[in-house]
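In: Okay, predicted coordinates and the sequence, questions at the end:
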Amino acid sequence: MRPSALGLAVLCAIIPLYGTFAALDPSRPPIPPLIPHAATAAAGLLALAALAAVVPAAARAVRRDALTLAFLAPGLATLVSAVTGFDPLSGIGLGVLVLGVGGAGLALAREADAATVRLCLRVLLWSALAAGALALTLFVLHRPAALYAYNNGRAVGTFLNPNELAAYALVLLSVAVPLAVASRGRDRLAVAAAAVLAVTLGATFSRWGALSAVCGVAAYALLARSRALLAAAAAVAVAGLAVNAWAGATHHNPRDTEARAVAWRAGITTFERFPLLGVGPLAFSRTYDTVRPPEAPGPRTPVAFDPHSLPIAFAADGGLLALITLSASFATVMRAVAVAAATARPAARMLALGLAAGLTALFVDCTINTISLFFVLGLQVVPLALAVVRTDAR
């Protein structure tokens, strides 16, 4: 097996562990860790080694075109904002990671052969199945007790918070469900992963995640021109409202809603004061205490570390440079997936449209949440659509 193929597979396998990397930052809020720091550090080193293994393939995939820019520009913009920001060391580290993930996505979309694409799909499904099963097991057992209490009785597993798990489930469902349907149930791994991820999404009690799922189904219906799926999206929306009325509200702290509003105000104020390049990636907490309203929570509370909305986070941390770059990049990726799906074979087309719908759901979910997995899911998983259409691998 070539090093680049192994690197891509490793990157797909460890996606559920990315959120735990935040626990290595001593300045972050004291969230009870599930993964020991030593194991988290080892996973981080493994991710860096995998990214290094993919570099040659990424270099071969570079062209002078919009798609190359779409994959690499987010990392470059992050680096620019980091150099001028208030926490350049952390920001540069994040920029290198985003650039590496973008390069891996580009290599997957353009350079990976059918065997590598098939390997990445299988690894993604096994990883999702394991992550979802672990999260559900801990949720049912109420273990660890501190983590269960901290998250108000919501499933979280190895992720940073339940909303991160919900975002992961949304995107991975857009891989598992099309594969399960296209195989008419013969792909047992895809069927099992889809079932576990659907239950896991429900166990997060993420109300916005449920709405995002509805938007994803609606997006797929529009792309596939299916009235039946639009009706299904409406039915899911009604069912989601019923579930929220019955159980969802009991798993949310009302103070979290108030804190989110405060975070949005602080993020918008930060953007107003630093409109061009922002305060730098991961540096929101450095200026929070000076821009927060007097009645807002203090600088050591979770609300002080991000604006709890990805668009506002991009604006506050990276300014107009980040907003314009990221919007253009993901619009380019979406267009490339839609164009590729138009001429693909039925099964490949189903997966491509599913991933486009998953990216739509991710965008919706991120409007009121800061999802640390956004770049990994958007730049590493979604490019599988282009790879599958190109190689017809499943």
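Out: Done, it's in.
In: next SSE after the biggest helix by length in the chain?
Out: Looking across the chain with DSSP state H, the single longest helix is helix 310-342. Sequence order places helix 346-366 as the next helix or strand after helix 310-342, per DSSP states H and E.
In: how about that following helix: buried residues?
Out: Residues 347-366 are the ones in helix 346-366 that count as buried (16 or more other CB atoms under 10 Å). C-betas here are computed from N, CA, C, even on glycine.
In: Verify the stated contact: P281 with G75.
Out: No - checked against CB atoms under 8 Å, the pair P281 and G75 is beyond contact range at 10.6 Å.
In: Checking the nearest residue to V55 once chain neighbours are set aside next. Helix, strand or coil?
Out: In space, and not counting its chain neighbours, V55 is closest to G103: 6.7 Å by CB to CB, 6 or more residues apart in numbering. The three-state label given to G103 by DSSP: H, G, I helix; E, B strand; the rest coil is helix.
In: G103 contacts L72, doesn't it?
Out: Yes - shown here, G103 and L72 form a contact pair, counting by CB under 8 Å, at 6.7 Å.
In: contacts for the one helix or strand V55 maps to?
Out: Element membership for V55 (DSSP H and E) is helix 37-61. Residues outside helix 37-61 that contact it (CB atoms under 8 Å, 6 or more residues apart in numbering): 3-4, 6-8, 10-11, 14, 17-18, 20-21, 23-24, 33, 35, 68, 97, 100-101, 103-104, 106-107, 109-112.
In: just stretch 99-113 next, same as before
Out: Under CB under 8 Å, 6+ apart, the answer for stretch 99-113 is 4-5, 7-8, 11, 50-51, 54-55, 57-58, 60-63, 67-68, 71-76, 78-79, 116-117, 120, 375-376, 379-380, 382-384, 386-387, 390-391.
In: circling back to that earlier point, neighbours around the residue nearest to V55, how many?
Out: Neighbourhood size, G103 [other CB atoms under 10 Å]: 24.
In: ditto for the one 10 residues further on
Out: D113 is flanked by 14 other residues according to other CB under 10 Å.
In: do R64 as well
Out: 6.
In: ok, now A59?
Out: A count of neighbours around A59, defined by other CB under 10 Å, yields 12.
In: Then V337?
Out: V337 has 24 nearby residues by other CB under 10 Å.
In: And it, how far from P307?
Out: Remark: distance between V337 and P307 (CB to CB, to the nearest Å) = 28 Å.
In: hmm, back to that, can you list residues touching both of P281 and G75?
Out: In terms of CB under 8 Å, 6+ apart, P281 and G75 are both contacted by the residues G95.
In: Among the two, which residue is more densely surrounded?
Out: Using other CB under 10 Å, the more surrounded residue of P281 and G75 is P281, with 27 against 23.
In: which residue packs closest to the more buried one, ignoring adjacent ones?
Out: Closest residue to P281 apart from its sequence neighbours, by CB to CB, 6+ apart: G91 at 3.9 Å.
In: now G216
Out: A361 (3.1 Å).
In: same question, R122
Out: L189 (6.9 Å).
In: A344 too?
Out: Using CB to CB, 6+ apart, the closest residue to A344 is V389 (4.4 Å).
In: Next: F139.
Out: A155 (4.0 Å).
In: shouldn't the one you found be in contact with T204?
Out: Yes - contact criterion CB under 8 Å: A155 and T204 qualify, at 5.2 Å.
In: what's the overlap in contacts for these two?
Out: 162, 165.
In: Could you tell me how far L359 is located from V98?
Out: From L359 to V98 the distance is 16 Å (CB to CB).
In: To clarify, my last question referred to L189.
Out: Distance from L189 to V98, by CB to CB: 30 Å.
In: Repeat that for W126.
Out: Distance of W126 to V98, computed by CB to CB: 25 Å.
In: of those two, who's got more company?
Out: V98 (23 against 15).
In: For the more buried one, give me its contacts.
Out: Contacts of V98 by CB under 8 Å, 6+ apart are 74-75, 78, 375, 379.
In: among those residues, which are in helices?
Out: Filtering the contacts of V98 for helices - DSSP H - leaves 74-75, 78, 375.
In: Let me see the mean pLDDT of stretch 343-356.
Out: Rounded to a whole number, the mean pLDDT of stretch 343-356 is 89.
In: again but with stretch 154-172, I slipped
Out: 91.
In: From one end of that stretch to the other, what's the distance?
Out: This stretch, stretch 154-172, spans 19 Å end to end (CA to CA, to the nearest Å).
In: show me where pLDDT drops low in the stretch 101-250 of the chain?
Out: The model of the stretch 101-250 of the chain has pLDDT under 70 over residues 227, 229-230, 232-234, 236-250.
In: What's the PyMOL line that selects buried ones from the contacts of helix 37-61?
Out: To isolate in PyMOL the members of those that are buried, counting by 16+ other CB under 10 Å, one can use:
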select buried, resi 4+6+7+8+10+11+14+17+18+20+21+23+33+35+68+97+100+101+103+104+106+107+109+110+111+112
